[in-house]
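K.L.:
Fold the stuff below for me.
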Amino acid sequence: MRISRDGRGETRLTDAQKNRIIELAQGVPRDQLLLGLQLERGWRIGSIVGCNNKVTYTRKRTGEKVVCVVDLPGIRKEDVGEETIMIHFKGGKTEPDYPGKKWLGLAQKLASKVLKGERIISLSEQHGTNILRKYARLAGVPDWDRLHNHRQRAYFGTFWARKTGRDPWKVQSLMGHKDLRATAVYVEELSLEEKKQLLDES
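P.N.:
Predicted coordinates for the structure are as follows:
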């Protein structure tokens, strides 16, 4: 768990909390799609709403400082097809993904209301975070103000790691990782109870 400067950790949602958040958003299709794609499909917020960020980080092996520009258009009208949605990933990769019947239908409905080239969810990343926190607060999630969009991607990764029997290849495919090492973080993030169960079964 990441710890902030004030000593509080990030909030992690339970399955029941996730379901309640999505249920509360049913009256607002845009919010429901945003939350559903994040919480049930694990899509990055930037791939959903678009972003233009300059990120500076240090490579672990070499110590070299690297500047990475992430420029994503979000989901546009033309990205929503009959069976898939074209997802734009950081690094320039674009590929079709199947979000599930429920989320595809909602995306098609929203896409029908915008012009070609326009985003179907016209929000910033910060607005996306605010929406997540708003519904978490309404759902009674403790420390809702500690929720962050990308942490919910981790929730998705660990959920599917458990559901697939910790199959890293399946989780990698679901999360759209180029490198299996990125997936390993989610596959290996086990609770003490999960570790006990796995070790006792072997």
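K.L.:
What is the three-state secondary structure of T56?
P.N.:
strand (DSSP: H, G, I helix; E, B strand; the rest coil).
K.L.:
Let me see the contact set for it.
P.N.:
When contacts are counted by C-beta atoms under 8 Å, 6 or more residues apart in numbering, T56 touches K65, V66, V67, C68. Backbone N, C-alpha and C define where each C-beta goes, glycine included.
K.L.:
so the last one sits in a helix?
P.N.:
Think C68. No: secondary structure of C68 (three-state DSSP): strand, not part of a helix.
K.L.:
The nearest residue to it once chain neighbours are set aside and V69, how far apart?
P.N.:
Nearest residue to C68, sequence neighbours excluded (C-beta to C-beta, 6 or more residues apart in numbering): V55, at 4.7 Å. Separation of V55 from V69 (C-beta to C-beta, to the nearest Å): 8 Å.
K.L.:
what's the answer for K102, then?
P.N.:
K102 is 34 Å from V69, by C-beta to C-beta.
K.L.:
Could you pull up the residues touching L104?
P.N.:
Residues counted as contacts of L104 (C-beta under 8 Å, 6+ apart) are V80, E83, T84, I85, Y98.
K.L.:
Try it again at 7 Å.
P.N.:
Neighbouring residues of L104 by C-beta atoms under 7 Å, 6 or more residues apart in numbering: I85.
K.L.:
Pull up the gap between the closest residue to R59 other than its chain neighbours and K54, please.
P.N.:
In space, and not counting its chain neighbours, R59 is closest to V66: 6.0 Å by C-beta to C-beta, 6+ apart. Here the distance between V66 and K54 works out to 11 Å (C-beta to C-beta).
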